[in-house]
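> model the following, please.
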Amino acid sequence: MRRTGLAGKAIDSESIPCPLRLVRLLLVSHPPLLPELGAARIALELAAALRALGHQAIAWSPAPLPEGTPWWRTYAAQRRALERFLGESEPFDAIDAPPVTISPAVARSGFTIARSNQPDLSYLALDLRGELKRLDPRLLFHAGYGAAFALAHRAGLARANRILALGQIEERNLSRHPALRPKLLRYLHALAPGDRAALGIVRRSREQRTPGAGIRFLWIGRWAAHKGPSELLAWLRVRANSHPADTFTIAGCGDVPARDLASRAHRELLATERLRLVPRFVRAALPALLAAPDVGVFTSRG
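Residues are numbered from 1 along each chain as shown. Next up is the predicted model:
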């Protein structure tokens, strides 16, 4: 019997173990299982969708890691936590995990699916490029960590029985490696039905901006190199100077390093409340946050 796969590709469900015919599936999220965190939200929503189809889908996270775990040992600690969990659990028909977590022991535990939530290696390269530009003294140490992470990531892809790339671009990038092509598929992720309904209300009820009033801009994202914060701040200085009635909100950014907002222009914007920072917000607050501005700003790279 042939069915349509996650990317519209034909999958022979009688000969290929795949999520369409699984009974018991583990979905691993490195971040804590909180809907505010992108990778965790994808795991939670995939698990819920699979359970709705009758499968036993369990979302699991190794967080929190043991206190005192240094950041450069994070992925190794996550691997060990997953290995322990699998050793203590009933067998799974498939284990869906980030590539870097698929150790030899995890691969031996069952059918493995290396599923990406973001282009990790591209983002890592952007981070290192930013440190090189700033002549960050930690660059060599971070470059060594990046090399080890990249090797572990590639080894996890090699061990996995299937690879699920998030979207066409990442599928195209991974397909450049001939050894990965036979087991490569892609998936697309949409908002959960509840989120779509709430954001539909925002879209339908958005108030018209008063003619002549300044534009309200919103930027949402982690303060990470691949999100383009330096591009955002450069654009913000120019826009704020040329359009003095405009206002700006930066949300979900965490604690922005003081050096990034040290310029006089940014300090003045904060002092006059033309620039507002919302370091963190709960998922339920997203519709209200999106209802206020007129225009969204996107500066992501990679």
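> flag the shaky bits of the stretch 201-302 of the chain, pLDDT-wise.
Within the stretch 201-302 of the chain, the ranges that satisfy pLDDT under 70 run 207-212, 302.
> hey, where'd the helices end up in it?
Counting by DSSP state H, counting those that start in this stretch, the segments of the stretch 201-302 of the chain that form helices are 229-242, 264-271, 286-291.
> output stretch 118-135 as CSV, nothing but the C-alphas.
Written as CSV, here are the backbone C-alpha positions of stretch 118-135 (Å, rounded to 0.1, in the frame of the first residue of the first chain):
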residue,chain,number,x,y,z
GLN,A,118,16.5,24.7,12.5
PRO,A,119,19.7,24.7,10.3
ASP,A,120,22.0,24.2,13.3
LEU,A,121,25.3,24.2,11.4
SER,A,122,24.4,27.4,9.4
TYR,A,123,23.4,29.2,12.7
LEU,A,124,26.6,28.0,14.3
ALA,A,125,28.6,29.4,11.4
LEU,A,126,26.8,32.8,11.7
ASP,A,127,27.6,32.9,15.4
LEU,A,128,31.3,32.3,14.8
ARG,A,129,31.4,34.8,12.0
GLY,A,130,29.9,37.4,14.3
GLU,A,131,32.5,36.7,17.0
LEU,A,132,35.3,36.9,14.3
LYS,A,133,34.0,40.3,13.3
ARG,A,134,34.0,41.5,16.9
LEU,A,135,37.4,39.9,17.6
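> so for that stretch, mean pLDDT?
Here stretch 118-135 scores 80 as its mean pLDDT.
> again with stretch 37-53
So the average pLDDT for stretch 37-53 ends up being 91.
> residues contacting Gln118?
In this structure, Gln118 makes contact with Gly38, Ala39, Leu166, judged by C-beta atoms under 8 Å, 6 or more residues apart in numbering. Glycine gets a C-beta too; all of them are placed from N, C-alpha and C.
> tell me the secondary structure for it?
Three-state secondary structure (criterion: DSSP: H, G, I helix; E, B strand; the rest coil) places Gln118 in coil.
> oh, and call the first residue 364 from now on, that's how I've got it
Sure, I'll start numbering at 364, so the last one becomes Gln481.
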